[in-house]
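S.K.: what would the 3D arrangement of this be:
(chains A and B)
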Amino acid sequence: GAVVSQHPSWVICKSGTSVKIECRSLDFQATTMFWYRQFPKQSLMLMATSNEGSKATYEQGVEKDKFLINHASLTLSTLTVTSAHPEDSSFYICSATKGQGATYEQYFGPGTRLTVT
Amino acid sequence: GDSVTQMEGPVTLSEEAFLTINCTYTATGYPSLFWYVQYPGEGLQLLLKATKADDKGSNKGFEATYRKETTSFHLEKGSVQVSDSAVYFCALRGSNYKLTFGKGTLLTVNP
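M.R.: Presented below is the predicted three-dimensional model:
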């Protein structure tokens, strides 16, 4: 149990277009979903925290108008990179949480590699 | 704020060698500590965790002990295999439930 999927696993798009990445918790309802960005050979940088039915909370320095997050249900969150540019090329990873307190766990998706040409 | 410092790699070992990857942290309160592993082209998988001081997390032959006095959570394995080649991330989760990651350590195990 506790599987998180992402779609697509990789995408190539042209500069100026928008790309949507989906994150789904397949066998549980996620309390919260997080979106991370990972540059080559670097650590994960938290972009935003997403709760179902409410606006995402963005980390400092992350452009909310560029990285649109929608958390439509307890099993689905989407990240849309709007007007993508080559510098947005990165590995995007989502995670979904389950439980509270002592039972709180965070599960990661396999990631989506975005390349903007 | 919270921070995690782990030894920089890359680390290259021969099969059956002993592995240690150092990790120290700075946090307020009593964080939970984690080691995650990332295989090439994949997302993160939880390797082990410890939620309070002196706890030892273990999985697949890997171990790490939560040392509050030294604010450390070093990862060890007595005999590494080629299949252990991956990037290892130390992380902490503070009271805000957000994970703070170290920069990762690339481990390569040669046959």
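
S.K.: quickly find the element holding the residue minimising distance to the centre of chain A.
M.R.: What sits nearest the mean C-alpha location of chain A, by Cα atoms, centre = their mean, is A:Trp35, with 3.5 Å. Here A:Trp35 is covered by strand A:32-38, with elements defined by DSSP states H and E.

S.K.: from the contact counts, what lies against that strand?
M.R.: Secondary-structure packing of strand A:32-38 (3 or more Cβ pairs under 8 Å, 6 or more residues apart in numbering or on different chains; DSSP states H and E): strand A:19-25, strand A:44-51, strand A:67-73, strand A:76-81, strand A:90-98. Backbone N, C-alpha and C define where each C-beta goes, glycine included.

S.K.: quick one: mean pLDDT over it.
M.R.: What strand A:32-38 shows for mean pLDDT is 94.

S.K.: what comes up buried for it?
M.R.: By 16 or more other Cβ atoms under 10 Å in any protein chain shown, the buried positions in strand A:32-38 come out as A:Thr32, A:Met33, A:Phe34, A:Trp35, A:Tyr36, A:Arg37, A:Gln38.

S.K.: the last one and A:Leu44 touch, don't they?
M.R.: This means A:Gln38. Yes. Checked against Cβ atoms under 8 Å, the pair A:Gln38 and A:Leu44 is within contact range at 5.0 Å.

S.K.: quick one: the helices in chain B?
M.R.: Read by DSSP state H, chain B holds no helices at all.

S.K.: return the residues in contact with B:Tyr25.
M.R.: If a contact means Cβ atoms under 8 Å, 6 or more residues apart in numbering or on different chains, then B:Tyr25 has B:Asp2, B:Ser3, B:Val4, B:Thr5, B:Pro31, B:Leu33, B:Thr71, B:Ser72, B:Phe73, B:Cys90, B:Leu92 as its contacts.

S.K.: against chain A, how distant is the residue of chain B positioned farthest from its centre?
M.R.: The C-alpha centroid of chain B is most remote from B:Pro111, which lies 22.7 Å away (Cα atoms, centre = their mean). B:Pro111 is 24 Å from chain A, where distance means Cβ to the nearest Cβ, to the nearest Å.

S.K.: wait, that residue touches B:Val82, no?
M.R.: Yes. The pair B:Pro111 / B:Val82 is scored as a contact, 5.5 Å apart, by Cβ under 8 Å.

S.K.: who touches both of those two?
M.R.: B:Glu15.

S.K.: let me see the contact set for the residue nearest to A:Phe91 when sequence neighbours are not counted.
M.R.: Leaving aside its chain neighbours, A:Phe91 sits nearest to A:Gln38 (4.4 Å; criterion: Cβ to Cβ, 6 or more residues apart in numbering or on different chains). A:Gln38 makes contacts with A:Leu44, A:Met45, A:Ser90, A:Phe91, A:Tyr92, A:Ile93, A:Gly111, as judged by Cβ under 8 Å, 6+ apart.
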